[in-house]
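**Student:** Pasting the sequence and the predicted model now:
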Amino acid sequence: MKLKSCVVLAAMLAVLWGCSGGEGGDFSTPAGVLAAFDAAVQNNDEAAAQKACTPGFWQSRSDSGGRLFKSAVKRKFALKKKDETISGDRAVLSAEVFKQGKRVDLLYFYCRKDDTGWLFDGVNENRRHGKLYLEKRLPARFNLAEYPQNAALKALGEKMIALAPRLQAAKAADQPLETLLEGVLKVKHSPASELRLLLEAGNVKLNVTAHHWVESIQRGAIEMADESGDTKVYLYVAKKEGEWRLVACRTGWLSAESILSD
């Protein structure tokens with residue numbers, strides 16, 4: 001009788017151990033995944049960290065779980081849960097990043113649930129992305145370059161290039177820009193200061209070289225470059241009720257972070 005009871009108890013413990021992930025951590029909640037990932041960082045256990053991530057996230061070309069793990073180990077970071085929002089099979093968990101007991105950053109982890117439990121599927125520092133992820137309007141890993149081109153975006157970019165010298169002159173003379181932009185870009189939602197990069201490029205011959213439209217959020221990005229390709233300007237725009245407004249104007253590289261600016 002005692003032997004049978006011991007066997008039953010052992011079997012129950014084995015089931016509980018398996019459900020909680022055993023040495024791999026407790027993946028029954030997003031918070032459990034964070035705890036497992038943090039423990040892996042503290043123990044410099046790459047295999048355990050990988051178990052907390054989807055394969056796509058761990059091996060992602062940018063903002064990957066593997067890269068985050070190596071950086072956290074090298075810099076001796078610790079992760080502490082702040083907030084958690086769950087919507088069906090998706091969740092966003094914010095985590096404070098500490099170094100030597102001092103908070104140095106805040107990260108948003110994008111979690112996905114399947115038959116085996118929760119796993120991390122993405123990470124960044126953009127609060128707006130988390131909201132759109134929970135609404136299933138964006139994936140956990142948002143690569144803007146993968147989105148299709150759009151003829152309307154191209155036309156808008158060409159209009160802005162044609163207007164750039166006149167906008168530059170209007171700014172230099174401290175004249176209002178509303179008249180020049182009327183029918184092209186919604187002025188009251190497009191701060192003139194955000195156009196500074198395009199204004200500065202007024203003396204450079206630019207061409208629209210790429211454009212990407214994200215239908216689910218009604219936003220797009222327009223890449224402009226000079227003939228050498230050394231000078232690049234990116235316009236990030238949103239369309240609402242048939243009107244375009246400027247979200248951001250940047251140089252450098254195509255940025256998912258910029259298109260999600262509030």
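**Tutor:** Happy to help now that I have it. Residues are numbered from 1 along each chain as shown.

**Student:** Let me see the contact set for residue 66.
**Tutor:** 46, 49, 50, 53, 58, 59 (CB atoms under 8 Å, 6 or more residues apart in numbering). C-beta: built from backbone N, CA, C; applies to glycine.

**Student:** Beyond whichever strand or helix holds it, next helix or strand please.
**Tutor:** Using DSSP states H and E, residue 66 sits in helix 65-75. Sequence order places strand 77-87 as the next helix or strand after helix 65-75, per DSSP H and E.

**Student:** strands paired with that following strand, and their directions?
**Tutor:** Here strand 77-87 is paired, per DSSP bridges, with strand 90-99 (antiparallel).

**Student:** Name the next helix or strand downstream of the strand it pairs with, please.
**Tutor:** That would be, after strand 90-99 and using DSSP H and E, strand 102-114.

**Student:** Packing partners of the following helix or strand past that next one?
**Tutor:** Counting by DSSP H and E, the element after strand 102-114 in chain order, helix or strand, is strand 117-124. Counting contacts by 3 or more CB pairs under 8 Å, 6 or more residues apart in numbering; DSSP states H and E, strand 117-124 is packed against helix 30-42, helix 55-58, helix 65-75, strand 102-114.

**Student:** sorry, back to before: relative to strand 77-87, how tilted is the helix holding residue 66?
**Tutor:** Interaxial angle, helix 65-75 versus strand 77-87 (axes from the mean of the first three to the mean of the last three CA atoms, to 10 degrees): 140 degrees.

**Student:** Show me what counts as buried in helix 65-75.
**Tutor:** For helix 65-75, burial by neighbour count (16 or more other CB atoms under 10 Å) applies to 65, 68, 69, 72, 73.

**Student:** swap in stretch 87-107?
**Tutor:** Buried, per 16+ other CB under 10 Å, within stretch 87-107: 90, 91, 92, 93, 94, 95, 97, 107.

**Student:** Give me the buried subset of the contacts of residue 66.
**Tutor:** For those, buried by 16+ other CB under 10 Å: 49, 50, 53, 58.

**Student:** how close does the last one get to residue 232?
**Tutor:** With distances taken as CB to CB, to the nearest Å, residue 58 is found 31 Å from residue 232.

**Student:** can you check the first one too?
**Tutor:** With the distance defined as CB to CB, residue 49 ends up 35 Å from residue 232.

**Student:** any weak-confidence spans in this protein?
**Tutor:** 1-24, 171-175, 187-204 (pLDDT under 70).

**Student:** same thing but at 80, please
**Tutor:** Across the chain, the ranges flagged by pLDDT under 80 are 1-25, 164-183, 186-205, 229, 231, 262.

**Student:** on that earlier part again, can I get the buried residues of helix 65-75 in a markdown table including distance to residue 208?
**Tutor:** Shown next, in a markdown table, are the buried residues of helix 65-75 (distance: CB to CB, whole Å):
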| residue | distance to residue 208 |
| --- | --- |
| 65 | 35 |
| 68 | 35 |
| 69 | 39 |
| 72 | 40 |
| 73 | 43 |
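
**Student:** Out of those residues, which is nearest to residue 237?
**Tutor:** residue 68 (30.7 Å; CB to CB).

**Student:** Just the strands from the stretch 151-262 of the chain, written as ranges.
**Tutor:** Applying DSSP state E, counting those that start in this stretch to the stretch 151-262 of the chain gives strands spanning 207-214, 219-225, 232-240, 243-251.

**Student:** Could I get those strands in a markdown table, plus columns for distance to residue 169?
**Tutor:** Formatted as a markdown table, the strands of the stretch 151-262 of the chain follow (distance: least, CB to CB, whole Å):
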| stretch | distance to residue 169 |
| --- | --- |
| strand 207-214 | 21 |
| strand 219-225 | 19 |
| strand 232-240 | 18 |
| strand 243-251 | 18 |
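
**Student:** Understood, closing this out.
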